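[1] Sequence and predicted structure are below.
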Amino acid sequence: MLDDVYYVSEETYRIWTQRAVPEPNDLILAREAPAGNVAIIKDGQTVCLGQRTVHLRPNSEIVDPDFLCYLLLSPVHQALLLSAETGATAKHVNMKDIRKLPLMYLPELDTQRRIGSILSAYDDLIENNRRRIELLERAARLLYKEWFVHFRFPGHEHVKIVDGVPEGWIKTTAYEAMEILSGGTPKTSVPEYWEGDIPFYTPKDSSDSVYVYETEKKLTEEGLRNCNSKLYPKDTVFITARGTVGKINLAQVPMAMNQSCYALVARSPLNQYFLYFALVHGVQQFKSRASGSVFDAIVRDTFKLIPFAVPNDWLVNAFTSYVEPLLRQIENLSTQNQKLKLARDLLLPRLMNGEIAI
């Protein structure tokens, strides 16, 4: 599926599509970052290919486009594509290797279509859930902005504005409004610390959605004991402080965390949900105050420079009563997508080597 993409102007689109205009059912294969990734263009999508991508137009008399997309994503064909990767820093796939790539399994066209429709049904459900998540997140963010930025909360007509905030609110800093906790990394040279069951959050794991569930690396219990991070509970707010600065997530499950992030815990009367949406709205202030000579970075003193308004506990609780059901729906949809992806990824290689007859 094509998501999380950049956009270009009409003029750029015309220039970049002079040789060929991508059409529905065409494929896009990434030569880099990540090499070997494949997506199919769906009806209604207008696509401009960037550099280091390859435009593939399937011969519909021989191969079904959906089938070909999943075939190229299957473990066997990914291994064939990436076995010839070159490049010391950024791995990439050469055009000559793409052109000579053998298709190891090509059943009759009707069978291809049935296989393609089975696998694409999973991705259609995943995409539908992703869009629902976006709408739920947007609703919660708009409510936060309406109540706590524009001050149009229930009963606002009867509340005076004093020193720039509603009467009864407390003007403070982000440093005072939350606990700021650090992480750490156990020695990577000790194999007993790694490949366990404890998710280990780093900036690479940050998500554009509310929740983060999966992490690239996991610790063992021994690794956690030899790490400067504790096991942070569900709904801890993580903010990335180095490299990719200012990405914010809620932990969907208990996680440890490396030293390039902070774990944030709201002080009363605030709670984790209010804190998350407040930080998402104000993240640009963190980015603008980030410091560092090589990489921009957020340090503990950065939080002292960020103004923070703390509403009364009644309003925080009222906001929470609205957004908590939205977050539970987001969490459920995220869990559904994780299960759908797992089922699809287990089914894909078995369909693509003929193990399961269709």
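    Received it, and whenever you're ready, just let me know what you need.
[2] Indicate each strand paired with the strand or helix carrying residue 29 and its parallel or antiparallel sense.
    When elements are assigned from DSSP states H and E, residue 29 belongs to strand 27-30. Paired strands of strand 27-30, with direction, are strand 38-40 (antiparallel), strand 53-56 (antiparallel) (DSSP bridges).
[3] wait, residue 352 sits on residue 71?
    Yes. Contact criterion CB atoms under 8 Å: residue 352 and residue 71 qualify, at 5.6 Å. Bear in mind the C-beta positions are built from the backbone N, C-alpha and C, glycine included.
[4] Show me whatever sits in contact with both of those two.
    77, 105 (CB atoms under 8 Å, 6 or more residues apart in numbering).
[5] Would you reformat the strands paired with strand 27-30 as JSON lines and include mean pLDDT, mean neighbour count and distance to residue 261?
    Below are those laid out as JSON lines (pLDDT from 0 to 100; neighbours: other CB atoms under 10 Å; distance: least, CB to CB, whole Å):
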{"stretch": "strand 38-40", "mean pLDDT": "92", "mean neighbour count": "20", "distance to residue 261": "30"}
{"stretch": "strand 53-56", "mean pLDDT": "90", "mean neighbour count": "16", "distance to residue 261": "31"}
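[6] for residue 338, what are its contacts?
    Counted by CB under 8 Å, 6+ apart, residue 338 has contacts 213-214.
[7] Oops, could you answer that again for residue 212 instead?
    Contacts here follow CB under 8 Å, 6+ apart; on that basis residue 212 touches 201, 205-206, 238, 249-252, 255.
[8] tell me which of those is nearest to residue 139?
    Of all the contacts of residue 212, residue 139 sits closest to residue 250, with 16.4 Å by CB to CB.
[9] Let me know whether the closest one touches residue 276 as I believe.
    Yes. Counting by CB under 8 Å, residue 250 does reach residue 276; the two are 5.6 Å apart.
[10] who touches both of those two?
    In contact with both residue 250 and residue 276: 210, 237, using CB under 8 Å, 6+ apart.
[11] about what we covered before: nearest to residue 152 among the contacts of residue 212?
    residue 250 (25.5 Å).
[12] isn't there a helix covering the closest one?
    No. Counting by DSSP: H, G, I helix; E, B strand; the rest coil, residue 250 falls outside a helix, being strand.
[13] do you know how far it is from residue 111?
    Taking CB to CB, to the nearest Å as the measure, residue 250 and residue 111 are separated by 43 Å.
[14] who has more neighbours, those two?
    residue 250 (21 against 16; other CB atoms under 10 Å).
[15] which residues does that one contact?
    Applying CB under 8 Å, 6+ apart, the residues near residue 250 are 210-212, 235-238, 272, 276, 327.
[16] In terms of pLDDT, where does it sit?
    If you check residue 250, the pLDDT there is 97.
[17] Which strand residues bridge it?
    Residue 250 has these beta-bridge partners by DSSP bridges: residue 211, residue 237.
[18] ok, now residue 307?
    With DSSP bridges as the rule, residue 307 is bridged to residue 173.
[19] That one and residue 173: what is the separation?
    6 Å.
[20] Kindly report the same for residue 53.
    45 Å.
[21] on that earlier part again, distance to residue 226 for the contacts of residue 212 - can I get that in TSV?
    Listed next are the contacts of residue 212 as TSV, based on distance: CB to CB, whole Å:
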residue	distance to residue 226
201	17
205	21
206	24
238	21
249	25
250	26
251	21
252	25
255	17
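[22] any idea which of those is closest to residue 129?
    residue 252 (14.6 Å).
[23] Residue 262 and residue 238 touch, don't they?
    Yes. Assessed by CB under 8 Å, residue 262 is found in contact with residue 238 at 7.3 Å.
[24] So which of those two has more stuff around it?
    The neighbour count for residue 262 versus residue 238, taken as other CB under 10 Å, is higher for residue 238 (26 against 22).
[25] From the contact counts, what lies against the helix or strand hosting residue 146?
    Here residue 146, judged by DSSP H and E, is contained in helix 109-148. Helix 109-148 is packed against helix 65-73, helix 272-289, helix 313-352, with contacts defined by 3 or more CB pairs under 8 Å, 6 or more residues apart in numbering; DSSP states H and E.
[26] what would those helices look like in CSV with mean pLDDT and distance to residue 224?
    Putting these into CSV (pLDDT from 0 to 100; distance: least, CB to CB, whole Å) gives the following:
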stretch, mean pLDDT, distance to residue 224
helix 65-73, 95, 34
helix 272-289, 88, 22
helix 313-352, 96, 23
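[27] Go through those and pick out the most buried.
    Among those, helix 65-73 has the highest mean neighbour count (mean count of other CB atoms under 10 Å), at a mean of 24.
[28] Residues contacting that helix, please?
    With CB under 8 Å, 6+ apart, helix 65-73 has contacts from 25-27, 29, 36, 38-40, 56, 58, 77-78, 81, 103, 105-106, 112-113, 115-117, 119-120, 348, 351-352.
[29] Over to stretch 343-358?
    By CB under 8 Å, 6+ apart, stretch 343-358 touches 70-71, 73-77, 104-105, 107, 111, 114-115, 118-119, 122-123, 126.
[30] Any chance of a PyMOL selection covering the buried ones in those residues?
    Here is the PyMOL command that selects the buried residues among these (16 or more other CB atoms under 10 Å):
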select buried, resi 70+71+73+74+77+107+111+115+118+119+122+123+126
